[in-house]
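Chemist: Just need the structure, nothing else, for what follows:
(2 chains)
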There are 2 protein chains.
Amino acid sequence: VSERGPTEWFTGEVWLDEIAVPPPPSRLRVHSVHFTPGARTCWHRHPLGQVLHVTEGSGVVQRSGGPVEQIRAGDSVWIEPDEWHWHGAGPRTFMTHLAVQEAADDGTEAERGEHVNDTDYQA
Amino acid sequence: VSERGPTEWFTGEVWLDEIAVPPPPSRLRVHSVHFTPGARTCWHRHPLGQVLHVTEGSGVVQRSGGPVEQIRAGDSVWIEPDEWHWHGAGPRTFMTHLAVQEAADDGTEAERGEHVNDTDYQA
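Modeler: Here you go, the predicted structure:
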């Protein structure tokens, strides 16, 4: 089942497939995230980090203080624990990636920051 | 970098890409595994379970006591902690899947059992 990404978390049209959210003692959270052109997450961070693996198309990722980096099918990205970042499609290209993270002991998977405005997105 | 899957773990020709093996406190282990036709893992189990997500082609998975099940691109499989299982390509089809597991506190990711012989593979 593909569910629309909530507007608190995303700018533009995004569709989420839950791949696996197994019960404890596993703390895995795996989703496939489909970003339509121009769509992106807000700034956010994960208590135990995150792996992104692009399965289709091309898009962008930015870490706090770093440049907007291009990513494309086959690329993998490791985001450090508590590192603020965002990711999304290219302005004119669709992107699908797997997002793999671990929930903290209290269940927290992510903390949300500001949306990425058009100026910062197009940088 | 793609590395050949070791013969203790696999039957046939398999190539492994390390996607992410981040440092603690993460315990994630993410690999992309390319199985040529007929290739498969040995029987094995994971202390905290495993997610398989097929990104290309079609193949098979079997859990101990269960049937050999077909899986294909887009399919996801959750293997329970300590559940003996094996997976691989179809007899005539290539398969690539992402394998996502968590290392136990002692670093153990998997325990290895018998190889899957041709009779059991073709069942």
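Chemist: Quickly run through the sheet partners of the longest strand anywhere in chain A, with directions.
Modeler: If you go by DSSP state E, chain A has its longest strand at strand A:50-63. Strands that pair with strand A:50-63, judged by DSSP bridges, come out as strand A:68-72 (antiparallel), strand A:76-79 (antiparallel), strand A:85-89 (antiparallel), strand A:95-102 (antiparallel).
Chemist: and A:Gly12, how many residues sit next to it?
Modeler: Burial of A:Gly12 is recorded as 16 neighbouring residues (other Cβ atoms under 10 Å in any protein chain shown). From N, CA and C alone the C-beta is placed, and that goes for glycine too.
Chemist: Could I get the contacting residues of it?
Modeler: Applying Cβ atoms under 8 Å, 6 or more residues apart in numbering or on different chains, we find A:Gly12 in contact with A:Phe35, A:Thr36, A:Pro37, A:Gly38, A:Ala39, A:Arg40, A:Gly88, A:Ala89.
Chemist: For the second one, give its distance to chain B.
Modeler: By that I understand A:Thr36. When distance is defined by Cβ to the nearest Cβ, to the nearest Å, A:Thr36 is 19 Å away from chain B.
Chemist: cool, and the first one?
Modeler: Distance, A:Phe35 to chain B, by Cβ to the nearest Cβ: 17 Å.
Chemist: Over to the fourth one?
Modeler: Using Cβ to the nearest Cβ, one obtains 25 Å as the distance from A:Gly38 to chain B.
Chemist: Can you classify that residue as helix, strand or coil?
Modeler: coil (DSSP: H, G, I helix; E, B strand; the rest coil).
Chemist: Wait, it touches A:Met95, no?
Modeler: No. Assessed by Cβ atoms under 8 Å, A:Gly38 is found out of contact with A:Met95, at 10.6 Å.
Chemist: Export the strands paired with strand A:50-63 as a markdown table, with columns for mean pLDDT and mean neighbour count.
Modeler: Formatted as a markdown table, the strands paired with strand A:50-63 follow (pLDDT from 0 to 100; neighbours: other Cβ atoms under 10 Å in any protein chain shown):
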| stretch | mean pLDDT | mean neighbour count |
| --- | --- | --- |
| strand A:68-72 | 98 | 15 |
| strand A:76-79 | 98 | 19 |
| strand A:85-89 | 98 | 24 |
| strand A:95-102 | 98 | 24 |
